[in-house]
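Undergrad: Sequence plus predicted model, see below.
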Amino acid sequence: MKKSFWLILAIAAILGLCFLELILGSADISGREIWDALLGNEQNAEKQYITTIVFESRIPRILTAITAGAGLSVCGLMLQTYFRNPLAGPGVLGISSGASLGVALVILGGGTLGAFSSFKNFAIPLAAILGSAIVLLVILFAARKLKDQLSLLIIGLMLGYLTAGIVSVLQFGATEESIKAMVFWGLGSFQAATWSQLTIMMCLVIPALLVSILLSKSLNAMLLGEEESATVGLNFKQMSIVILVLSGVMTGIVTATCGPIAFIGLSVPHLVRSWFKSSDHKLLLPASLLFGMIIALFCDLMSRMPWTEQSLPLNAVTSLIGAPVVLSIVLRSRGLKSFY
Amino acid sequence: MDNTLLQLSTTKFGYGQKVIVQAKSGLIKTGTLNVLIGKNGSGKSTLLRTILGMNPLLEGEIQLKGDDIDSLTALQRARIISAVLAANHQSPDGMKVSEMIALGRSPHTSWWGKLSQRDNQVINESAERAGVSKFLDLPMGKISDGERQKVYIARALAQETDLILLDEPMAFLDFSARREFLKLLQDLCKEGKSILYSSHDLALSLTATDTVWLIDNESQLQILDSDEFSKSGMMEKIFGHQL
């Protein structure tokens, strides 16, 4: 009872934040005008720009934020359960670094390929997905050889440095313009998405999320560890591959579209676990999905600083909000170990 | 197939190329209590783990209810065999006892894992029989080693399988708890379940079991009636002392 109450409240919060995202912004538009634009009732040609802002900027931004937030949070939850490690997440294990490398290869290296913008629309997501999948494969392979998670974490961190190093080398010979594009991309933003990028992202993330929800029961069994989970009927190898593919695809496409978003994938699962005090994925998975949307929308709103003309980089805000969340949970529960 | 549940034929157990235990034959009948004994490192766990599909069988065949065990999926196997492994459990401390026992129902529930009224009833009954009813709402991290062991047993009971394998289930129990535990196993067998457990407590086990699975000094598995075994004098030969 109480749990479904919280889930309904979460949905209400998402709707509320979407509403704020719609009406707040650097362009001063009233709620009435936005309503008219949404319904297509805007007759006044002078106010046509409002329709453009709503449909070309604010709505894509909202959809980008909720898709990315949900995708990253669910990835974080699955990876934490799979690696049985509270520090696992798209950002920490070097998975988004792998995606970054893929993107860098296209943005920086692709300079010579000329301005095939339509080519880039597909090449960037594809390269990002491949990049994150390759890092995940390396980590998975290492996880089979090394049983301890600390080594695994260090491997993930090193892979992150390694890819960052390669990106720096690539920048050496790149044009100023492409370096600038790369730096801006690295700051993270839900703004950058065009409808075509957004469509690609949603077409991949939404089915991946649906499949993830189907895995809830198996994720519960996974908490027993590889061997014991088999005694209650789990095909662990098959599950590993499914989680690998889902995480690779979701992290890859979100990173390609929004940049490497810090902390959302790591902190939301912790927030949800400590909130509901449960290790049941039938609850944790849908809750992570919804809370991921809330946190992403909230961080986006903060980064836009609607009370000023300025805006902050998204990653500054996700870190400023995400890091204290994780810290407070660690301190309050005297360690995260109890969830694994 | 009458009442044969599990059958070994010319099997070799071990790791990689290394054979640790050999068994020419062996069978578990429905409704019997069987104890697996042998020295430390003689391969008791290896044998149990192989039946559970965690180690590959090096040679021969294991039949479960007439099917080659290697042809079964993890799910099919989990509907016939449940297990309590020795120590090294990796379950999270924050998981509730009731959630842990409920995992025993997962081979039987639908894709979402929703527990039906009957599932909940089975969970409660299993907890009752294993003596952990009063812990149901506690997290696993808050109960003792012995209690945790009982929770795993409750999970195996909730799985409602014909065969239960237990690796050193009495390791954390004191003497009176062991007697009580063996009584529980005997009752379960009377209800038609078959059980194979490994133990170092020979004296007590011989009073309760139907057959003894003995791994001898030549790494051969021998299967004997418990009564026969007590009289045979084999124990002295292998363990070098009288009980």
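TA: Arrived safely. Numbering: from 1, shown residues only, chains lettered A, B, ... in the order given.

Undergrad: Would you mind listing the buried residues in stretch A:123-141?
TA: Neighbour-count burial for stretch A:123-141 flags A:123-136, A:138-140 (criterion: 16 or more other CB atoms under 10 Å in any protein chain shown). From N, CA and C alone the C-beta is placed, and that goes for glycine too.

Undergrad: Using PDB, list the CA coordinates for that stretch.
TA: Extracted C-alpha coordinates of stretch A:123-141, given in PDB (Å, rounded to 0.1, in the frame of the first residue of the first chain):
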ATOM      1  CA  ALA A 123      27.800   7.300 -36.500                       C
ATOM      2  CA  ILE A 124      28.000   9.000 -33.100                       C
ATOM      3  CA  PRO A 125      25.400   6.800 -31.400                       C
ATOM      4  CA  LEU A 126      26.800   3.700 -33.000                       C
ATOM      5  CA  ALA A 127      30.400   4.500 -32.000                       C
ATOM      6  CA  ALA A 128      29.300   5.300 -28.400                       C
ATOM      7  CA  ILE A 129      27.400   2.000 -28.100                       C
ATOM      8  CA  LEU A 130      30.300   0.100 -29.500                       C
ATOM      9  CA  GLY A 131      32.700   1.900 -27.100                       C
ATOM     10  CA  SER A 132      30.600   1.200 -24.000                       C
ATOM     11  CA  ALA A 133      30.000  -2.400 -25.100                       C
ATOM     12  CA  ILE A 134      33.800  -3.000 -25.500                       C
ATOM     13  CA  VAL A 135      34.600  -1.600 -22.100                       C
ATOM     14  CA  LEU A 136      31.800  -3.700 -20.600                       C
ATOM     15  CA  LEU A 137      33.200  -6.800 -22.300                       C
ATOM     16  CA  VAL A 138      36.700  -6.100 -20.900                       C
ATOM     17  CA  ILE A 139      35.200  -5.600 -17.400                       C
ATOM     18  CA  LEU A 140      33.100  -8.800 -17.700                       C
ATOM     19  CA  PHE A 141      36.200 -10.700 -18.900                       C
END
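
Undergrad: per-residue pLDDT, residue A:138?
TA: For residue A:138, the pLDDT comes out at 88.

Undergrad: which helices and strands sit right next to whatever helix or strand it lives in?
TA: Using DSSP states H and E, residue A:138 maps to helix A:117-145. Packing partners of helix A:117-145 (3 or more CB pairs under 8 Å, 6 or more residues apart in numbering or on different chains; DSSP states H and E): helix A:95-107, helix A:149-172, helix A:195-214, helix A:236-258.

Undergrad: ok, and what's touching the helix or strand just after the third one?
TA: Sequence-wise, the next helix or strand downstream of helix A:195-214 (DSSP H and E) is helix A:216-222. Residues lying outside helix A:216-222 but in contact with it, judged by CB atoms under 8 Å, 6 or more residues apart in numbering or on different chains, are A:78, A:81-82, A:229, A:232-234, A:236, A:239, A:279-282, A:284-285, B:99, B:103, B:106, B:109, B:111-113.

Undergrad: For residue B:177, the count of nearby residues, please.
TA: Close neighbours of residue B:177, defined as other CB atoms under 10 Å in any protein chain shown, add up to 15.

Undergrad: And what about the closest residue to it other than its chain neighbours, helix, strand or coil?
TA: Once flanking residues are discounted, residue B:177 sits nearest to residue B:146: 6.8 Å by CB to CB, 6 or more residues apart in numbering or on different chains. Secondary structure, DSSP: H, G, I helix; E, B strand; the rest coil: residue B:146 is helix.

Undergrad: Now for residue B:146: which residues touch it?
TA: Residue B:146 makes contact with B:172-174, B:177, according to CB under 8 Å, 6+ apart.

Undergrad: out of those residues, which are buried?
TA: residue B:173.

Undergrad: related to what we said a few turns ago, compare the helices and strands packed on helix A:117-145 and give me the one nearest chain B.
TA: For chain B, the closest of these is helix A:195-214, at 6.4 Å, according to CB to the nearest CB.

Undergrad: Residue A:6 touches residue A:278, doesn't it?
TA: No. Judged on CB atoms under 8 Å, residue A:6 makes no contact with residue A:278 at a distance of 11.4 Å.

Undergrad: mind listing what the residue nearest to residue B:68 when sequence neighbours are not counted touches?
TA: Excluding the flanking residues, the one nearest residue B:68 by CB to CB, 6+ apart is residue B:61, at 5.9 Å. Residues counted as contacts of residue B:61 (CB under 8 Å, 6+ apart) are B:8-11, B:68-69.

Undergrad: now residue B:9
TA: B:24-25, B:60-63.

Undergrad: gap between the residue of chain A most remote from its centre and residue A:56?
TA: Relative to the centre of chain A, and counting by CA atoms, centre = their mean, the farthest-placed residue is residue A:44 at 38.8 Å. When distance is defined by CB to CB, to the nearest Å, residue A:44 is 18 Å away from residue A:56.

Undergrad: Understood, closing this out.
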